[in-house]
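Trainee: Would you be able to build a 3D model of this:
(2 chains)
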Amino acid sequence: MTTLIEVPDVEPGTAAPKSKSAPGGGLGKYIVIRFFLIIPTIFILVTLVFFLMRVIGDPITASQGGRLPPDVLAQRIHDAGYDRPILVQYFEYLGQLITGNFGTTITDRRPVVEMLTTFGAATLELSINALLVALLVGIPLGLIAAQRRDKTTDAFLRCFAILCYATPVFFSGLLLKLTFSVWLGWLPVAGRVSTRTELAMGGLANPSGIYWLDALRSGNFAALGDVMSHAVLPAVALGLLTAGVFLRLVRTNVIGTLGKDYVEAGRSRGVSEYRLLTKHAYKPALIPIITVMGLQIALMLGGAVLTETTFEWKGLGYQLVQYLNARDFVAVQGIVVLLAVIVAVTNFVVDIVAALIDPRVRY
Amino acid sequence: MSSTAFTGPKESLFLRLPVVSHLRKSVGLQRGMLIAGVALSATFLLATVLAPILAPYGYSQLSDASGAFPTQQAPSAKHLFGTTVGGYDVLSRVLWGSQTAVTVIIVSVAMSLFLGVALGLLSGYFGGWLDRILVVIADAIYAFPTLLLAIVISIAISRGQSSFWGGILSCAFSITVVFVPQYFRVIRAETIRLKAEPFVESAMVLGASSLRIIGRHIFKNATRTLPLMFTLNASEAILTLAGLGFLGFGIEPTSAAEWGFDLNKALSDASSGIWWTGVFPGMAIVLTVLGLTLVGESINDLNDPRIRGRKRAGGAPAAAPSAPSEAGTV
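Mentor: Predicted structure coming up:
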């Protein structure tokens, strides 16, 4: 699930093949090269998923397999065109993608684009909330741990970080539910909003699908409260996973920069430890955090599948599992292409930002 | 425990084993974390080996001589951890679950080690178009949410039918696909670095075959980080396996006990206040991953002289030539 970054090659822009680096290339060239690397990345993932989905089986067999006699089933599969040569289907699909046609989902007959925006908004909302939790918890605690290095506080915080990583979201989600929903009764068990609120917000023109935004726009503060109370537990469950990663990363990097010569020079000039931490050691330590944050977005999307299933949060991840079980390959491919684009673009942006912050990173 | 532990040339093989040598190097907090990790991992392995003896019932056993097990029963003397909605004994399933986890770890890490190391060595040593293609593919896979990849591959392999080995292999294969890029990257980077080292160049000049250079000079030097990666990937394998099981793409309960599957079934229990079906398998996952991560993390720290805590002589920081600013850290 989580591909952590403790592997020793933590360096910005690892996605670019460094073998053909041109030292004098400059930022412009770097951006162009990185940009064109997005295309093969997406292409490989689309291809991989296309063929894997065809191996998995067709939606008609998945839904009607036991019920229809074999000849009727074969006829249906033939009518739908799923028995044509796989390469023909593949190129047809690629052609559609290039023209921007994502098709219609097989199981519920919705345009894929509409499905993606509806459920994408839910996942986006969850991811933003979780990222907020992760940043608010991870960065301050990481700074504290670095400052109090090798003291009891540090030990405690490091154990907390490892615990965050060791606890799968569906288990932390279960514990949160047991504690805050069942025993204390403070927060709702699952879902994004209660039915009553959903109806109350229904009249809004052009709903964004991000519920707290819609609640704010309708000026309905009871609805906002309801939406927020639903958002807390999933955000904490998913956010803590990333918070652990941030905490460790901030700690290691700040400890690294605190040992640098210029910090040492500041220390000998009598600059206070607090000021050293906040002014000198903090900024250079942030660059790797930005790059890792990019990778974390990819991981968060994976974690979102589990979180959404745990809390019945009807977003892309929750839907993906339903579509996979129905073998609805049009829908699954749509979701996967979207995720691939998001991940590839995030990595691209992260690399560019890293290059802008630190000129040494350019290739 | 003298300081010659890591400089003496004639240590016995046992003392040079990865974890043992690290244990000797460690002090204070780091030693505590390492020992805790080793203890948790050892418990996990013991549970695996002794599951047939320790578990009071079979993993799919629904009744014994005195009749069928009650369902959703709170922990009692007969069922220490209670029973599930299906009537399984939770304690037995937790214990048997460690066997499933270990099997998947061994199969998946062995496969990804082999593939990842081989591809990384080839790619890094020969370079050229093969290298470019492999790097782009590895990056594409690496960039993708790993669990999604695992799900798709797992269905593609098992096609919904999950016998014990079918389920284990499909989980292991899907985890392998996720891990190969990681091993590939690390080994490739090391290989490229080593290729420029004088000892490799001199071997080339002497006319050693590529196979010999890769096998003898590069392989042994490029694999230093593998013990660390092994522990980290083992814990990730457990999490991926549990994630697959949780989403219903894992192993059937009649084929093997799997913690993720049990947690999935426990989710609906939670709303009605039944905690024992979820808490115990969940704790099993957390403690196992925690143990493996602590071991991996400690090894990583101890391998890095900048982070490693040092033994103090007479209260003063030991002079460490490799880490000059060590004394000044906060």
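Trainee: Which residue does the stretch 101-250 of chain B have closest to chain A?
Mentor: Proximity of the stretch 101-250 of chain B to chain A (CB to the nearest CB) peaks at B:Pro145, 3.2 Å away. C-beta coordinates here come from the backbone N, C-alpha and C atoms, glycine included.
Trainee: A:Val321 versus the closest residue to that residue other than its chain neighbours, what's the distance?
Mentor: Ranked by CB to CB, 6 or more residues apart in numbering or on different chains and with sequence neighbours excluded, the top spatial neighbour of B:Pro145 is A:Gly302, at 3.2 Å. Counting by CB to CB, to the nearest Å, the gap from A:Gly302 to A:Val321 is 12 Å.
Trainee: just so I have it, where are all the helices in the stretch 51-200 of chain A?
Mentor: Secondary structure of the stretch 51-200 of chain A by DSSP state H, counting those that start in this stretch: the helices cover A:59-64, A:70-80, A:86-98, A:112-147, A:152-166, A:169-176, A:195-201.
Trainee: Compare A:Gly302 and A:Val321 (neighbour count), which wins?
Mentor: Comparing A:Gly302 with A:Val321 by other CB atoms under 10 Å in any protein chain shown, the one with more neighbours is A:Gly302, at 26 against 19.
Trainee: and the more buried one, what element?
Mentor: helix A:282-310 (DSSP states H and E).
Trainee: Next SSE downstream of that helix?
Mentor: Counting by DSSP H and E, the next helix or strand C-terminal to helix A:282-310 is helix A:316-325.
Trainee: For that following helix, name the packing helices and strands.
Mentor: Where contact means 3 or more CB pairs under 8 Å, 6 or more residues apart in numbering or on different chains; DSSP states H and E, helix A:316-325 is packed against helix A:112-147, helix A:282-310, helix A:329-357, helix B:146-158.
Trainee: how many neighbours does B:Ile137 have?
Mentor: Neighbour count of B:Ile137, defined by other CB under 10 Å: 18.
Trainee: what's the nearest residue to it if we skip its chain neighbours?
Mentor: In space, B:Ile137 is closest to A:Ile44, 6.0 Å off (CB to CB, 6+ apart).
Trainee: Tell me how many other residues surround that neighbour.
Mentor: Neighbour tally, A:Ile44, other CB under 10 Å: 19.
Trainee: cool, and B:Ser41?
Mentor: B:Ser41 is flanked by 23 other residues according to other CB under 10 Å.
Trainee: Name the helix or strand for the closest residue to it other than its chain neighbours, please.
Mentor: Spatial nearest neighbour of B:Ser41, excluding adjacent residues (CB to CB, 6+ apart): B:Gly291 at 4.1 Å. B:Gly291 belongs to helix B:276-303 when elements are defined using DSSP H and E.
Trainee: Helix A:152-166 and that helix, what's the angle between them?
Mentor: If you take axes from the mean of the first three to the mean of the last three CA atoms, to 10 degrees, helix B:276-303 sits at 120 degrees to helix A:152-166.
Trainee: now helix B:276-303 and helix A:169-176, what's the angle there?
Mentor: Computed by the same axes, to 10 degrees, the angle separating helix B:276-303 from helix A:169-176 equals 120 degrees.
Trainee: tell me the mean pLDDT for the helix holding A:Gly302?
Mentor: The predicted model gives helix A:282-310 an average pLDDT of 75.
Trainee: That helix vs helix A:316-325, what angle?
Mentor: Going by the same axes, to 10 degrees, helix A:282-310 makes 50 degrees with helix A:316-325.
Trainee: From the contact counts, what lies against helix A:282-310?
Mentor: By 3+ CB pairs under 8 Å, 6+ apart, helix A:282-310 packs against helix A:112-147, helix A:169-176, helix A:221-258, helix A:316-325, helix A:329-357, helix B:146-158, helix B:226-247.
Trainee: hmm, try it at 6 Å
Mentor: helix A:112-147, helix A:169-176, helix A:221-258, helix A:316-325, helix A:329-357, helix B:146-158 (3 or more CB pairs under 6 Å, 6 or more residues apart in numbering or on different chains; DSSP states H and E).
Trainee: and the next element down the chain from the third one?
Mentor: Tracing the chain C-terminally past helix A:221-258 and defining elements by DSSP H and E, one meets helix A:261-268 next.
Trainee: between that following helix and helix A:221-258, how many degrees?
Mentor: 90 degrees.
Trainee: what mean pLDDT does helix A:261-268 have?
Mentor: For helix A:261-268, mean pLDDT rounds to 76.
Trainee: and that helix, how far from the chain's centre?
Mentor: The chain centre lies 39 Å from the centre of helix A:261-268; the measure is CA atoms, centre = their mean, to the nearest Å.
Trainee: Which positions in it come out as buried?
Mentor: A:Val263, A:Glu264, A:Gly266, A:Arg267 (16 or more other CB atoms under 10 Å in any protein chain shown).
Trainee: and the nearest residue in space to B:Trp259 that is not next to it in sequence, what does it touch?
Mentor: Spatial nearest neighbour of B:Trp259, chain neighbours left out: B:Pro281 (4.1 Å); criterion: CB to CB, 6+ apart. Contacts for B:Pro281 (CB atoms under 6 Å, 6 or more residues apart in numbering or on different chains) come out as B:Val94, B:Trp259, B:Asp262, B:Leu263.
Trainee: Going by distance to chain A, which of those residues wins?
Mentor: So of the contacts of B:Pro281, ranked by how close each gets to chain A (CB to the nearest CB), first place is B:Leu263, at 5.7 Å.
Trainee: Which strand or helix spans that closest one?
Mentor: Following DSSP H and E, one finds B:Leu263 within helix B:259-271.
Trainee: And B:Val19, how close does it get to chain A?
Mentor: Distance of B:Val19 to chain A, given as CB to the nearest CB, to the nearest Å: 17 Å.
Trainee: Just the pLDDT at residue 166, thanks.
Mentor: Answering for chain A, as no chain was given. 86.
Trainee: I was after chain B.
Mentor: So, for B:Gly166, pLDDT stands at 72.
Trainee: pretty sure it is touching B:Ser154, no?
Mentor: No: B:Gly166 lies out of contact with B:Ser154 (CB atoms under 6 Å); the separation is 10.4 Å.
Trainee: ok, now which ones touch the residue minimising distance to the centre of chain B?
Mentor: Residue closest to the mean C-alpha point of chain B, counted by CA atoms, centre = their mean, is B:Ala234 at 1.1 Å. Contacts for B:Ala234 (CB under 6 Å, 6+ apart) come out as B:Ile105, B:Leu292.
Trainee: any idea how far B:Ala47 is from the residue nearest to B:Ser41?
Mentor: Counting by CB to CB, the gap from B:Gly291 to B:Ala47 is 11 Å.
Trainee: Between those two, which is the more surrounded one?
Mentor: Using other CB under 10 Å as the criterion, B:Gly291 and B:Ala47 rank with B:Gly291 on top: 24 against 21.
Trainee: Could you pull up the residues touching that one?
Mentor: B:Gly291 touches B:Gly37, B:Leu40, B:Ser41, counting by CB under 6 Å, 6+ apart.
Trainee: Format those as TSV; extra columns: secondary structure and pLDDT.
Mentor: Below are these laid out as TSV (DSSP: H, G, I helix; E, B strand; the rest coil; pLDDT from 0 to 100):
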residue	secondary structure	pLDDT
B:Gly37	helix	85
B:Leu40	helix	87
B:Ser41	helix	86
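Trainee: Quick one: find the helix or strand in chain A with the lowest mean pLDDT.
Mentor: In chain A, no helix or strand scores lower on mean pLDDT, DSSP states H and E than helix A:195-201, which sits at a mean of 67.
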